[in-house]
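[1] give me the fold of what follows.
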Amino acid sequence: MPNSKLTYRVTPPAAFVATSVGIVISATNSSGADIEFNKADEIQITFPDTIVANQNFTASTPEGSGYSAGKALAGNYFSVKAPFGFNLKPGDAMTITFSQVPIASDPDSGSNIGISESIGGGDPVLVSLPFEVKAAGLGIIAWLDKLVVGESQPATLNWQSSGGVQVVVSGFPTGTGQKTFPVQGEPPFLDSTIVYVPIQPQKPQQWFYTVTVYTGAGNHEQITVALQQNPPIINSYTSDPELKKIRVDASAVLSWHVQFASSVILTTPTIPNWRQPINANSYTANPGADLRKAYRFNFSQLPKTADYILTANGFSQPAVETITFTLEPVSLLYFKFSSKGGPNIIFKTDTANWNSPSKSSDPNLSTFTIYQPGGTADVYYLGSGDTVHPQIQFFDFTKKDGKFQLEWVTANLKTLVLNPNGIAITESQIANGTMEVEAAGVYTLTGTTAAGLSVNSVLEVSA
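    Predicted coordinates:
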């Protein structure tokens with residue numbers, strides 16, 4: 001028979017005869033990936049008559065949980081379903097609370113609560129949860145709300161007692177090592193206390209607490225529970241959108257799911273590296289902007305990649321995962337004069353003002369250096385002081401009779417192509433030319449020198 005997809009637990013694991021108690025059944029995703037619970041999926045929970053006196057009790061689920069529980073219309077069981085479906089993340093649990101459960105009047109140590117799990121199609125998987133019905137008299141039932149915690153994370157130790165006057169919990173690492181709780185009211189007497197695995201040099205992975213109920217005559221019953229401490233786990237660390245490469249002006253949302261962490265730290269590629277505990281489980285990353293901040297005084301050393309390092313601290317050793325973004329090159333849209341002959345210069349890259357042009361020592365020449373991710377630089381030239389590099393000095397349009405007149409001025413070019421449609425400009429029109437087009441849209445001139453150097457100039461023609 002296949003294993004169940006969820007790990008089931010019942011708390012408390014026992015009850016005293018002829019009492020009325022609350023019972024919680026949890027279904028935990030113990031895997032390392034999300035479990036999809038669809039609207040066709042179902043968990044059936046059956047309480048046998050050897051455990052309960054009757055079926056007159058109700059079930060509830062946390063508000064806004066996405067799943068619900070109720071008595072089946074046909075059949076003596078409770079049905080857990082999700083009307084719209086949901087994803088159960090690693091370490092998370094579905095919890096079903098049964099209120100005022102009437103416990104049978106006869107002791108029984110061999111009965112089970114029945115679970116029938118139908119998730120993802122296929123035959124139902126059956127699970128049995130042992131539940132003891134204890135005789136009246138001196139006795140103690142104890143359980144932890146969480147069996148496993150991370151470093152410095154608390155758990156709640158709960159108990160029910162019968163037939164005693166006080167309960168002593170021992171195992172605390174400080175003070176006398178124990179705490180005493182008076183028993184008050186009718187049995188079963190319910191109480192709880194916060195417990196944890198202490199931070200000690202030997203780094204214990206498991207810590208034990210003993211719960212003892214005493215009578216006035218000194219008779220006692222006791223039970224020991226074990227609290228497990230686990231190292232931190234990063235179940236998932238993803239970006240949305242999931243990109244191998246990213247524009248320098250783009251952002252991505254980083255999301256993660258962590259278990260057993262005492263703190264979570266996100267390190268971003270700024271200088272000094274921004275590294276501090278983060279309470280949320282998501283962060284909007286701006287790789288290009290972060291690197292610009294870090295290298296604002298030294299663009300020529302701008303790296304090509306940006307690392308976002310997630311560190312989950314806790315018991316034993318931290319868990320570390322890294323998402324690396326590779327920045328795409330920055331493209332020039334235009335570097336030109338705003339009118340024929342200048343002198344005013346306008347420029348644009350495919351990002352928002354990545355760099356600014358600078359004057360050279362020649363008053364007739366301006367240069368525009370785009371420092372690219374990865375430490376390279378693209379240099380563009382504009383003005384009569386340069387006779388080698390490709391230039392598209394002017395590119396604009398005028399509207400006439402419902403059509404559009406494109407006009408350009410270039411320098412040092414051997415060929416010139418207009419897109420869309422890859423129109424080759426005739427030689428006589430390369431240095432100074434015009435062309436009439438009928439449609440608005442984006443037009444691109446690509447000029448190439450005899451040595452094979454090229455430059456683009458993009459023009460948005462609008463009506």
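[2] what are the boundaries of the strands in the stretch 351-463 of the chain?
    358-359, 366-371, 377-382, 391-400, 403-411, 415-419, 423-424, 432-437, 441-448, 454-461 (DSSP state E, counting those that start in this stretch).
[3] for the record, mean pLDDT for the fourth one?
    For strand 391-400, mean pLDDT rounds to 95.
[4] what angle sits between that strand and strand 415-419?
    Put simply, strand 391-400 runs at 40 degrees to strand 415-419, going by axes from the mean of the first three to the mean of the last three Cα atoms, to 10 degrees.
[5] give me the residues contacting strand 391-400.
    Contacting residues not belonging to strand 391-400 are listed as 334, 336-337, 339-342, 380-383, 404-413, 445, 447, 455-457, 459, 461, 463 [Cβ atoms under 8 Å, 6 or more residues apart in numbering]. Quick note: C-beta positions are derived from backbone N, CA and C, even for glycine.
[6] report the buried members of those.
    334, 336-337, 342, 380-383, 404, 406, 408-413, 445, 447, 455-457, 459, 461 (16 or more other Cβ atoms under 10 Å).
[7] flag the shaky bits of this protein, pLDDT-wise.
    The chain contains residues with pLDDT under 70 at 1, 272, 353, 355-360.
[8] show me it divided up by domain.
    1-135, 137-230, 235-327, 332-461 (automatic domain parsing).
[9] let me have the strands of the stretch 351-463 of the chain in a markdown table, extended by distance to Pro188.
    Listed next are the strands of the stretch 351-463 of the chain as a markdown table, based on distance: least, Cβ to Cβ, whole Å:
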| stretch | distance to Pro188 |
| --- | --- |
| strand 358-359 | 82 |
| strand 366-371 | 73 |
| strand 377-382 | 77 |
| strand 391-400 | 86 |
| strand 403-411 | 87 |
| strand 415-419 | 82 |
| strand 423-424 | 89 |
| strand 432-437 | 88 |
| strand 441-448 | 77 |
| strand 454-461 | 78 |
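[10] out of those, the one nearest Thr28 is which?
    strand 366-371 (51.0 Å; Cβ to Cβ).
[11] what lines up beside the closest one in the sheet?
    strand 358-359 (antiparallel), strand 377-382 (antiparallel) (DSSP bridges).
[12] what are the buried residues along stretch 371-379?
    Neighbour count says stretch 371-379 has 371-373, 378 buried, by 16+ other Cβ under 10 Å.
[13] out of the residues you listed, flag the one nearest to Thr268.
    Pro373 (16.0 Å).
[14] nearest to Gly122, of the strands paired with strand 366-371?
    Per Cβ to Cβ, nearest to Gly122 of the strands paired with strand 366-371: strand 377-382, 58.0 Å.
[15] quick revisit: ok, so of the buried residues of stretch 371-379, who is nearest Met94?
    Distances from Met94 to the buried residues of stretch 371-379, taken by Cβ to Cβ, are shortest for Pro373, at 45.5 Å.
[16] send me the helix ranked longest in the chain as PDB with only the CA atoms.
    With secondary structure taken from DSSP state H, the chain has its longest helix at helix 287-294. Taking Å, rounded to 0.1, in the frame of the first residue of the first chain, the C-alpha atoms of helix 287-294 are listed here in PDB:
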ATOM      1  CA  PRO A 287      19.700  43.800  -9.200                       C
ATOM      2  CA  GLY A 288      20.700  46.600 -11.600                       C
ATOM      3  CA  ALA A 289      19.900  49.400  -9.100                       C
ATOM      4  CA  ASP A 290      21.700  47.600  -6.300                       C
ATOM      5  CA  LEU A 291      24.800  47.200  -8.400                       C
ATOM      6  CA  ARG A 292      24.700  50.900  -9.500                       C
ATOM      7  CA  LYS A 293      24.600  51.900  -5.800                       C
ATOM      8  CA  ALA A 294      27.500  49.600  -5.000                       C
END
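[17] name the helices or strands packed onto that helix?
    If you count contacts as 3 or more Cβ pairs under 8 Å, 6 or more residues apart in numbering; DSSP states H and E, helix 287-294 packs onto strand 305-313, strand 319-327.
[18] buried residues of the first one, list them for me.
    Buried residues in strand 305-313, defined by neighbour count with 16+ other Cβ under 10 Å: 306, 308-313.
[19] for stretch 284-291, same thing?
    Result for stretch 284-291 [16+ other Cβ under 10 Å]: buried residues 285-288, 290-291.
[20] same question for stretch 157-170.
    157-164, 166-170.
[21] what about stretch 148-166, how long is it end to end?
    Distance between the two ends of stretch 148-166: 28 Å, counting by Cα to Cα, to the nearest Å.
[22] the nearest residue to Pro318 once chain neighbours are set aside and Thr11: what is the separation?
    Counting by Cβ to Cβ, 6 or more residues apart in numbering, Pro318 lies nearest to Thr311, which is 5.2 Å off, once chain neighbours are set aside. As defined by Cβ to Cβ, to the nearest Å, Thr311 lies at a distance of 33 Å from Thr11.
[23] equivalent analysis for Ile370, please.
    Between Ile370 and Thr11 the computed distance is 63 Å (Cβ to Cβ).
[24] looking at these two, which is more packed in?
    Neighbour totals were compared for Ile370 and Thr11, and Ile370 leads with 20 against 17 (other Cβ atoms under 10 Å).
[25] leaving out sequence neighbours, find the closest residue to the more buried one.
    Asp378 (4.5 Å).
[26] for the one you found, what are its contacts?
    332, 369-370, 372.
[27] about what we covered before: and which of the buried residues of stretch 157-170 is nearest to Asn3?
    Looking across these and measuring by Cβ to Cβ, the closest to Asn3 is Asn158, at 28.5 Å.
[28] does the closest one belong to a helix or a strand, and which?
    strand 155-162 (DSSP states H and E).
[29] chain center to that strand, what's the gap?
    Between the centre of strand 155-162 and the centre of its host chain there is 35 Å, according to Cα atoms, centre = their mean, to the nearest Å.
[30] over to stretch 145-163?
    Counting by Cα atoms, centre = their mean, stretch 145-163 comes out at 28 Å from the chain centroid.
[31] first-to-last residue distance for that stretch?
    Counting by Cα to Cα, the terminal residues of stretch 145-163 are separated by 24 Å.
[32] sorry, back to before: nearest to Ser118, out of the strands paired with strand 366-371?
    Closest among the strands paired with strand 366-371, using Cβ to Cβ: strand 377-382, at 60.3 Å.
[33] okay, the angle between the closest one and strand 403-411?
    100 degrees.
[34] mind saving the C-alpha coords of strand 377-382 as CSV?
    Output in CSV follows, covering the C-alpha atoms of strand 377-382 (Å, rounded to 0.1, in the frame of the first residue of the first chain):
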residue,chain,number,x,y,z
ALA,A,377,32.4,49.7,-22.0
ASP,A,378,30.7,50.8,-25.2
VAL,A,379,31.8,54.2,-26.4
TYR,A,380,29.8,56.3,-28.9
TYR,A,381,31.0,59.5,-30.7
LEU,A,382,29.1,62.5,-31.9
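[35] just the angle for it relative to strand 454-461, thanks.
    70 degrees.
[36] could you give the separation of strand 377-382 from the chain centroid?
    41 Å.
[37] doesn't Gln276 belong to a strand?
    Yes: Gln276 sits within a strand when classified using DSSP: H, G, I helix; E, B strand; the rest coil.
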